[in-house]
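> missing the sequence, but the structure's below:
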């Protein structure tokens, strides 16, 4: 109650850093009267679109989509345009929290990551969110990990999610790990 909604909006619009501007506008929108909400949303969206770093732009658009689901198509388009495979997979993975229908696409994006450490991080983060239909694909993805430590990490993350039909296959994959410590894990 120090500033009027109009003053708060004017202040937020003057922020030079685009990410700060978007965050301020998103936080402010719940306190604005209906006639200013659309302006704040439009300005936040415009600022997000002008963020140069594609990863940050996609993350900011994803955050906007969580608050304003009508922006999901734009957030998805931005995420899909990320050239960095890890970044694309991480942003898609984050979007699956609110939009589970993106799980197949996030899993496919994760499988395109060539660095096994990053691949393991993203795949492990997706495991708890996977629907039963995607578990066989995740198990195959885990089996294809060359590094035994990372393979054990993903198999361990998958263990609680696997259906009885997939457990024997997972056990065979675990038994193929030569390192005793990782195999025991």
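Perfect, I can see it now. On a predicted model such as this, the values are computed, not experimentally measured, just so you know.
> the top helix by length along the chain: how far from the chain's middle?
When the chain is scanned for its longest helix (criterion: DSSP state H), the result is helix 34-49. From the chain centre to the centre of helix 34-49 is a distance of 23 Å (CA atoms, centre = their mean, to the nearest Å).
> what comes up buried for it?
By neighbour count on 16 or more other CB atoms under 10 Å, the buried set for helix 34-49 is 36-37, 40-41, 43-45, 47-48. C-beta coordinates here come from the backbone N, C-alpha and C atoms, glycine included.
> could you find the closest non-adjacent residue to residue 84?
Using CB to CB, 6 or more residues apart in numbering and skipping the chain neighbours, the partner closest in space to residue 84 is residue 55 (6.3 Å).
> against residue 151, how distant is that neighbour?
Distance, residue 55 to residue 151, using CB to CB, to the nearest Å: 27 Å.
> so those two - more neighbours on which side?
When residue 55 and residue 151 are compared for neighbours, residue 151 comes out ahead with 23 against 18, by other CB atoms under 10 Å.
> was I right to think the more buried one contacts residue 178?
No - using CB atoms under 8 Å, residue 151 is not in contact with residue 178; the gap is 10.7 Å.
> okay, and the closest residue to residue 49 other than its chain neighbours sits in which element?
Leaving aside its sequence neighbours, residue 49 sits nearest to residue 57 (CB to CB, 6+ apart; 7.2 Å). In this assignment (DSSP states H and E), residue 57 forms part of helix 54-67.
> now that helix: buried residues?
54-55, 57-66.
> check those against residue 91 and report the nearest one.
Closest to residue 91 out of the buried residues of helix 54-67 is residue 58 (4.5 Å), distances taken as CB to CB.
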